[in-house]
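Undergrad: A structural model of the following input is requested.
(2 chains)
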Amino acid sequence: MNTKFVSAILVVAVVLTAMIYSAVTASAKAVVTVDELTIEGSERTRIRLGARVTDDEIVYQSRPTREVRFTVKDIKGQVINGRGKTIPVVYEGSMPDTLKKGRDVILEGDYVGGSFVAQSLMTQCPSKYEPPMPGEEAKQVGDYD
Amino acid sequence: MIDVGNFSLVAAWLLAAFGLIGGSIGAKKNNAALIRSAANSVHLCAFFAMFALFLLAVAFVNHDYNYVYVWQNSNNAMPAMYLVSAIWGGMDGSLLLWAAIMCAFSSLVLFRAKGVQRDLMKWVTPVLSGASGFFLFVTAFLTNPFRTVPVGRIFEDGNGLNPLLQNPSMVIHPPTLYIGFTGFVVPAAFCIAALLSGELSDNWIRVTRRWTLVAWGFLTAGIILGGNWAYIELGWGGFWAWDPVENASFLPWLTGTAYLHSVMVQEQKGMLKIWNVCLSVGTYLLTVFGTFLTRSGVVQSVHAFAETDVGWVFLVYIGVGSALTIGLFWYRRVELRPEQKLESYLSREAAFLFNNLALLGICFATFWGVMFPIISEAATGEKAVVGPPFFNQVNVPLFLALLFLMGVGPLIAWRRSSIKVLRKTFLKSFLTGSALTLLFLYLDPTRVLAAVSFGLSLFAIMTVESEFRRAVKNRRALCDEESIPTAMVQVVRRKPRRYGGFLVHLGIAIMAVAITASSTYKIEKDISLVVGESVEVGRYGLTLQDVRKDKHANYEAIVAEVAVSSKDDGVLLEVMQPERRAYVVNEEVTTEVDLRITPREDLYLAMAGLDIAAAKNPDGSHQTIDLKKTPVLLKVFINPLQVWLWFGGVVVLFGTLIVVCEGFLRPEYSAVRETADSRVKA
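TA: Numbering: from 1, shown residues only, chains lettered A, B, ... in the order given. Have a look, this model is predicted:
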């Protein structure tokens, strides 16, 4: 075997593993659901929450500070007495106009004191890449509940 | 009409199947007639596949809503340009485009490679047929774009194309990318054919070099166009977000780039043979993996495509392809032994080796990041994700290492160099680059990586510059009547491969500078203005002059008129008009950003929406709003040196073009090679 060749590969592999390991520890976010958060009841930081915006009002202000408040529920969660478990969300940022009642959102941030403080908010557009079949109405936002 | 489309697809598939089976038997039994008819079936297959694509285009242009796919992706109001681009607006058409381009590539390769050894070529035919046959199978039987609406239903108008895709970049970006992706089937097919036939000289590499370069050029162009589309169309001020869809196109680019470098080591030194086999087949399989990733919904992406079951078919294909390659490689392991050893780390082959390791390191880290949700769930039971910080943290240092190697690699000697020689070649550029790094560190000690990146980019640019200057000087010493520009053209013309490659490096270094500047020194601000109000951002004063509503055929726009003036002297520079469009048909809302591009920086305005409208009317209607009194939400970005990213990309492509046109630029050289090749054949 060519020792110079093999040792070069080994050194790079070791360095790379260390880099990936440290980057993962620094930036991995656990993916959680509303049900998991409410059942555990504990505070969790650095998480990604996939959830659905409820029909409660989306409160929004841009002055003096930017803030969006809404509540989310589990996408597949159980509904008891007409309501499933919900979590209030505070997002300090601009109101994206893709944020609407019934939309699925991906939030990144911390679950503290019973509410979710989101640093980032992404809205999923369920109908965007799934055109309807001919004759069907295009899926309206919020009506796939 | 309907039946013709389906007929073409099935015919193409059957011909590919014949090419695979008949070609294999012919090659195995050395049956000349069978080998020839398998080759002919490849050409005929390409004809039918292209014809099917043409029929789909005709259906779109004629608004033939009998086809489900046409109904889903177009409507009567769309301009003709977007009717054609609607072909790749969805999965079915995209896969047909993919299959058709691959068939066309296969056919062209067989035409062009007539002079190549027969023992190799007879195996190339079945391998290419097998590759395109798979895609034809998928498009004919699983994602058929010629599916029709239920009998008796007649539609006057269609659903329309996703407005985000109604952008000039989206007309050329997908086909460009697909040409790049599918082009990598050529080196992979020749590699497999070489393994099958045992013709394991570096012939397969020489023959496919230009094809690989063409594929690489298109893939590079496709990725840059995609970044440009994201920058202009998505309104978030950036061009790259490490999204799974972007990563899917980036993975084969990395291995393809590694391959282009490592083949030079095999050509010169007879080393890295196994490596090259893995890279050429790996690059091709990664292009298929990208399709799997985007079509299976296996990883969550903000702009991933529809989740389908079709994706898993690609995974099976990748599995079979890998198993076949590994089996063949084991079968030929003796022939694949290296002819020489790596003698010194101070040599060009070592620089290429490290370049490859860095590229593959980035590839692996990116792959790891993309698959992390699946990996973490399998390992710990809990799903976790990594975002852009992960990719940047791992990949940026590796990119910096690449920048360094890019400066060193082309000028270091093969086999063995010495510190003394290196000092002579690199001392000046290395010191200048280091000085620049120190200067930036002095100005801002917190931004270490940016300072290193600028220094290394300068180092790489200076080595290219010194090499050009040396060559021009030598040339003018020989023919002293030549002007400097003429001498430069002559230098490039006489050694296109070398100096075209240098141009590619120059372009990459320019892009590195632009990416570093625009990501490190980006200014990003969310502002909210009522008509008449002003705000200062960076060097600019922004005043909202007016907000108006424009009605168009298929959308309604809210347009903000923002006067941009210089902060220092108050001189009006431009009135910018970012828009918010609400499409009538499918209720999509898109952002039309406005850009003020200067060599120094881009001023980028995107309208995030209207304040009250967003709060009071969540359904998106704006009827009762007084535009003059409603705060307008704007996102302002200042991206330093942004335009140089695109300029660097153009330089890269120009350099690639020069290398590809080697034979054209040096006709006398290529004639010599042709005779040499035919001698080998005889």
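Undergrad: switch to C-alpha atoms for all contacts and neighbour counts from now on
TA: Will do.
Undergrad: which one's the longest helix in chain A?
TA: Using DSSP state H, we find that the single longest helix of chain A is helix A:3-27.
Undergrad: right, is it up against chain B?
TA: Yes. Shown here: helix A:3-27 in contact with chain B (Cα under 8 Å from any Cα of the partner chain) through A:4-5, A:8-9, A:12-13, A:16, A:19-20, A:23-24, A:26-27.
Undergrad: identify the residues contacting the helix or strand that that helix is followed by?
TA: Note on helix A:3-27: by DSSP states H and E, the next helix or strand toward the C-terminus is strand A:29-32. Identification of contacts with strand A:29-32 by Cα atoms under 8 Å, 6 or more residues apart in numbering or on different chains yields A:46-50, B:382-386.
Undergrad: those in helices, which ones?
TA: Taking DSSP H, every one of the contacts of strand A:29-32 sits outside helices.
Undergrad: so what sits opposite the residue of chain A found nearest chain B in the bridge?
TA: Closest residue of chain A to chain B, Cα to the nearest Cα: residue A:30 (4.0 Å). Residue A:30 forms beta bridges with residue A:47, residue B:384, as assigned by DSSP bridges.
Undergrad: that one - how many residues pack around it?
TA: For residue A:30, the count of nearby residues is 21 (other Cα atoms under 10 Å in any protein chain shown).
Undergrad: relative to residue A:30, how far out is the residue lying closest to residue A:34 once chain neighbours are set aside?
TA: Residue nearest to residue A:34 in three dimensions, not counting chain neighbours: residue A:74, with 4.8 Å by Cα to Cα, 6 or more residues apart in numbering or on different chains. From residue A:74 across to residue A:30, the span is 16 Å (Cα to Cα, to the nearest Å).
Undergrad: where does chain A dip in pLDDT?
TA: By pLDDT under 70, the low-scoring segments of chain A are A:1, A:40-41, A:62-64, A:77-84, A:97, A:124-145.
Undergrad: returning to what we had before: return the set of buried residues in the longest helix of chain A.
TA: Going by neighbour count (16 or more other Cα atoms under 10 Å in any protein chain shown), the buried part of helix A:3-27 is A:5, A:16, A:19-20, A:23-24, A:27.
Undergrad: pull the most distant pair out of those.
TA: A:5 and A:27 (33.0 Å; Cα to Cα).
Undergrad: quick check: which element contains residue A:68?
TA: Taking DSSP H and E as the criterion, residue A:68 maps to strand A:67-73.
Undergrad: since we're on residue B:550, how many residues are nearby?
TA: By the criterion of other Cα under 10 Å, residue B:550 has 12 neighbours.
Undergrad: got phi/psi on it?
TA: phi -110, psi 130 (degrees, to the nearest 10).
Undergrad: distance of it from residue B:605?
TA: 18 Å.
Undergrad: what does residue B:172 give?
TA: Separation of residue B:172 from residue B:605 (Cα to Cα): 25 Å.
Undergrad: these two - which one has more neighbours?
TA: Taking other Cα under 10 Å, residue B:172 and residue B:605 do not tie; residue B:605 has more neighbours (27 against 15).
Undergrad: surely residue B:599 meets residue B:641?
TA: Yes. At 6.2 Å, residue B:599 counts as touching residue B:641 under the criterion of Cα atoms under 8 Å.
Undergrad: neighbour count winner among these two?
TA: Counted by other Cα under 10 Å, residue B:599 and residue B:641 do not tie: residue B:641 has more neighbours, with 24 against 10.
Undergrad: contacting residues for the more buried one?
TA: Residues in contact with residue B:641 (Cα under 8 Å, 6+ apart) are B:514, B:517-518, B:599-602.
Undergrad: cool, and residue B:369?
TA: B:385-387, B:390-391.
Undergrad: assign the most centrally placed residue in chain A to helix, strand or coil.
TA: Central residue of chain A (Cα atoms, centre = their mean): residue A:106, 2.3 Å from the mean position. At residue A:106 the chain is in strand, as set by DSSP: H, G, I helix; E, B strand; the rest coil.
Undergrad: ok, which residues in the stretch 301-450 of chain B are in contact with chain A?
TA: Checking the stretch 301-450 of chain B against chain A by Cα under 8 Å from any Cα, the hits are B:302, B:305-306, B:341-345, B:354, B:357, B:361, B:365, B:382-387, B:389-390, B:393-394.
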